[in-house]
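Participant: structure for the following, please:
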Amino acid sequence: MEGDLFPFLTMVIVQLGYAGMNIISKVAMDSGMNPFVHVAYRQVFATIAIAPFAYFMERKTRPKMTASIFFQIFLCSIFGVTVNQITYFVGLKNSTPTIACALTNINPAVTFIMAVPFGLEKVGVKSKAGQAKVMGTIICVGGALLLSFYHGSIVDIGKSSIQWKYAEETGTKSSINHVNLILGPILLIVSAISWAIWLIIQVSPQYSLSLSIDRSIKFVSNLEPLKMKDS
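Facilitator: Purely as a prediction, here's the structure:
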């Protein structure tokens, strides 16, 4: 029982972390943080944090770096970090944390749709499992898009007793000016597509050491957001 509960609790904690990241990132960008600089800082700190573990835990089993492995790392850094995170955080800046979290839920559906043409997934519409996949994809994507693009009347549910004064002041001053409820969701959808491409690239990994490849991806992607900002 405990073994079955642990993965579930871990996933819940990860989702709470994502929600907190969206809120804090939104406040930071509303305060003046450039999304490109924000992404670059994330990769710098992630590289520094992961590098020691990758070096000491995998130094004896790390294979030699080849041109094909480096090309795969480069593609992963482009689609899994640079394009994915820049479109995500620019989309977050132009929308809300709630919309960003909602559109994150289309990642599995988008990955499934893109994996079918490559033969990595089978639809099997005649089987119950295939029908469940199709129905789940339609409900997932449709629900996320409806929540993101449809804006009805405001429902008054009262104010929370928990107040973050800085976030409230920042949101009042600048958040409204940054919201573009068409551009924001579209960029978040592009981010989901980029994430799906990143997952598909990794299906046949030539470089299977997770810490080392993750460190390399983040190292390669460190300068890409700043280069895009300068250009």
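Participant: list the buried ones in stretch 122-134?
Facilitator: Within stretch 122-134, the residues scored as buried using 16 or more other C-beta atoms under 10 Å are Lys133. C-beta here means a position set from N, CA and C on the backbone, and glycine is covered the same way.
Participant: for the chain, which spans come out with low pLDDT?
Facilitator: Across the chain, the ranges flagged by pLDDT under 70 are 1-3, 63, 152, 154-179, 204-231.
Participant: assign the most far-flung residue of it relative to its centre to helix, strand or coil.
Facilitator: Going by C-alpha atoms, centre = their mean, the residue of the chain most distant from its centre is Lys126, 32.8 Å out. Under DSSP: H, G, I helix; E, B strand; the rest coil, the three-state class of Lys126 is coil.
Participant: got the phi and psi for it?
Facilitator: Backbone torsions for Lys126, taken as degrees, to the nearest 10, come to phi -80, psi -20.
Participant: for Val134, see how far away it is.
Facilitator: 11 Å (C-beta to C-beta, to the nearest Å).
Participant: tell me which element the residue nearest to Val123 when sequence neighbours are not counted falls in.
Facilitator: Nearest residue to Val123, sequence neighbours excluded (C-beta to C-beta, 6 or more residues apart in numbering): Gly130, at 5.2 Å. Using DSSP states H and E, Gly130 sits in helix 128-149.
Participant: Val125 contacts Val134, correct?
Facilitator: Yes: with contacts counted by C-beta atoms under 8 Å, Val125 reaches Val134, the gap being 6.4 Å.
Participant: tell me, what's touching these two both at once?
Facilitator: Counting by C-beta atoms under 8 Å, 6 or more residues apart in numbering, no residue touches both Val125 and Val134.
Participant: give the next helix or strand downstream of the longest helix anywhere in the chain.
Facilitator: Scanning the chain for the helix with the most residues, using DSSP state H, yields helix 2-30. Per DSSP H and E, the first helix or strand lying C-terminal to helix 2-30 is helix 35-58.
Participant: restricting to C-alpha, output the helix or strand following that next one in PDB.
Facilitator: Following helix 35-58 in sequence order, the next helix or strand is helix 67-76 (DSSP H and E). Extracted in PDB, the C-alpha atoms of helix 67-76 (Å, rounded to 0.1, in the frame of the first residue of the first chain):
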ATOM      1  CA  ALA A  67      29.100  13.900 -33.200                       C
ATOM      2  CA  SER A  68      25.800  12.000 -33.400                       C
ATOM      3  CA  ILE A  69      25.300  12.200 -29.600                       C
ATOM      4  CA  PHE A  70      26.200  15.900 -29.500                       C
ATOM      5  CA  PHE A  71      23.700  16.600 -32.400                       C
ATOM      6  CA  GLN A  72      21.000  14.800 -30.300                       C
ATOM      7  CA  ILE A  73      21.900  16.900 -27.300                       C
ATOM      8  CA  PHE A  74      21.700  20.000 -29.500                       C
ATOM      9  CA  LEU A  75      18.200  19.100 -30.700                       C
ATOM     10  CA  CYS A  76      17.100  18.400 -27.200                       C
END
